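Participant: attaching a predicted model along with its sequence, questions to come.
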Amino acid sequence: MFSRKTIIKKTVEVGGFTFFSRILGIIREILMVKYLGASALSDAFLTAYKVPNSLRKFFAEGALSAAFVPTLINTMQLKGRKQVKGLISLGFIVFEGIVLILCIIVILKANTVIDFIAPGFSIEQINNATPILKIVMPVIFFLSSSALLAGAFQAVGHFFVPAISPVLLNISFISGLIVCLSFHLPIIYLCWFILFGGFLQFIIHVITYIKLQFGFGDIKKDNFIQLRAILIKFFLCLPSISIMELSLFIDTSFASYLPKGSISLVYYANRFVGIPLGVFAVAFSTILLPHFSQLSLRAPKRLNFYLFESAKFVLWVILPVILLMTFFSEKIFYTIFLSPKFTLSQVQQAAHILRMFLLGLFFFSFNKILLNLYYAMHVTWVPALIAAGATIVNVLLDSLFLNWLQASGLALATSLSSIVQASLFAYFLWKKYNIHLYVNPFILFALRYGIQLVIFFIPFITSYYVVEWFISVYFSPLLATFFLYKLGFWLWTGPLSLLLFLALWYSRSYFNVRLFFLD
């Protein structure tokens, strides 16, 4: 089992590469806005790209790992690495066979797929999105193949390549945008760059898989029995582990009825929510999955304690992020995206959508921990039913909020459905599986932390407005514009935010804010 130091070390390692990937993602979005803006064409591209991108999260990043990793760990401990080789080989044939068939169907019926997922699209938008989908769809084959091999990496505690590989995809994406912007090329050329990035990611996973001495072994009868159990678990995992992506897919369908550019605004706002979610929550939950799997075999009662401490740790990291991103929400889009293709009105809309998403950020994050606890115990049908219920809630709330709050209502619906999901996850863990939730100690921890946050946010906000006033009064108009309304804004607010986190870190003992993973 991993020690707590190892858990934090590997979380930082995975989160660091994810952070680098997210920084590249921001650069990518800046170039995307320069290239397409928030327009009918950007809506068409993002809708088409969402198909393989969402399937990546359905088939690759989430459900496949949740179904495969615990089984691989058990197999490796009981029967050795040779048996794992056969299981991986069989899994590769079956899973990638399914994905390949799915790719062929989507490519042949691309027009119908676009019409189905964006029923509010005009004929022109459908015609724009169809060729894009045909080119980018095979990306899912390369990414799901990479995820299958990455399951073996996680089983032996190797997280480097799965963490660094999204960086390669982003680099290829950014390269395509730069070339298209420089030579005024149509969007089809960008699609070929994206496809190449997926292929490159797959090749690196194959090389690493061989270097770790896994290889592809003979398929035995036991492997078929194991794979049958994995497939059942996988399809049960699909709705629950990919609930946020499914919610965003539903939001896209509803947003297609809104004014042009709405799909793009929801996408850009969600990309910023994905930064803390990916850098911390996904990284932390990824590291915890094999640890939870080992605990469920050797010391299942320890799961109570680790769930409690994980909840505290997630709250400690995510809550100040929510407050900061809410405070800076309009500045985020104003300083980075404002341009003739991304108007001031769209800046304000995107900021409001972001605030609605932030209401659910803690629950988006904690749901990943709760899900991994279920999967470590080899329980899949309960979270699947809960996810189905949360999806129904999301659809109903989308219908309710669509005309009233427009795109912001879709983000609010996603956040509220994640709260419902987290509540049901926790309730059934307590009621059905006797997991002690430590509700009162958690509330006490949250109150102490809340007091600490209030005490330190007051001087933070005061300092912010003092520096802002100083720049506006004593700097030249050109410099003042750069440091208040352009990228220079982050050159002083970034260090100021870092000081806030350092203050929270060093003063936590004075407020009795104790964290198992850090103390």
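Facilitator: All right, it came through fine. This one's a predicted model, so the numbers in the text were calculated from it and none came from an experiment. Residues are numbered from 1 along each chain as shown.

Participant: biggest helix in this structure, by residue count?
Facilitator: helix 439-474 (DSSP state H).

Participant: next SSE downstream of the helix or strand of the chain with the lowest mean pLDDT?
Facilitator: The helix or strand of the chain with the lowest confidence, counting by mean pLDDT, DSSP states H and E, is helix 63-79 at a mean of 69. Once the chain leaves helix 63-79, the next helix or strand it forms, by DSSP states H and E, is helix 81-108.

Participant: got the buried residues for that next one?
Facilitator: Buried residues in helix 81-108, counted by 16 or more other Cβ atoms under 10 Å: 81, 83-91, 94-96, 99, 102-103, 106. C-beta: built from backbone N, CA, C; applies to glycine.

Participant: now stretch 296-312
Facilitator: For stretch 296-312, by 16+ other Cβ under 10 Å, it's 296-297, 303, 306-312.

Participant: Throw these into JSON lines and include secondary structure and distance to T130, thanks.
Facilitator: Listed next are these as JSON lines, based on DSSP: H, G, I helix; E, B strand; the rest coil; distance: Cβ to Cβ, whole Å:
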{"residue": "S296", "secondary structure": "helix", "distance to T130": "46"}
{"residue": "L297", "secondary structure": "helix", "distance to T130": "49"}
{"residue": "L303", "secondary structure": "helix", "distance to T130": "48"}
{"residue": "Y306", "secondary structure": "helix", "distance to T130": "48"}
{"residue": "L307", "secondary structure": "helix", "distance to T130": "46"}
{"residue": "F308", "secondary structure": "helix", "distance to T130": "50"}
{"residue": "E309", "secondary structure": "helix", "distance to T130": "49"}
{"residue": "S310", "secondary structure": "helix", "distance to T130": "44"}
{"residue": "A311", "secondary structure": "helix", "distance to T130": "45"}
{"residue": "K312", "secondary structure": "helix", "distance to T130": "48"}
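
Participant: closest to L195 out of those?
Facilitator: L195 lies nearest to S310 out of the buried residues of stretch 296-312, by Cβ to Cβ, at 37.5 Å.

Participant: N372 versus the closest one, what's the distance?
Facilitator: Shown here: S310 relative to N372, a distance of 9 Å by Cβ to Cβ, to the nearest Å.

Participant: which helices and strands does the longest helix of the chain pack with?
Facilitator: Of the remaining helices and strands, those touching helix 439-474 by 3 or more Cβ pairs under 8 Å, 6 or more residues apart in numbering; DSSP states H and E are helix 302-327, helix 477-485, helix 489-507.

Participant: between that helix and helix 477-485, how many degrees?
Facilitator: 170 degrees (axes from the mean of the first three to the mean of the last three Cα atoms, to 10 degrees).

Participant: any idea of the angle helix 439-474 forms with helix 302-327?
Facilitator: Per the same axes, to 10 degrees, the angle that helix 439-474 makes with helix 302-327 is 20 degrees.

Participant: what residues of helix 439-474 count as buried?
Facilitator: 445-446, 449, 452-453, 456-457, 460, 464, 468, 471.

Participant: what of stretch 379-396?
Facilitator: For stretch 379-396, the buried set under the neighbour-count rule, 16+ other Cβ under 10 Å, comprises 379-380, 382-384, 386-387, 390-391, 393-395.
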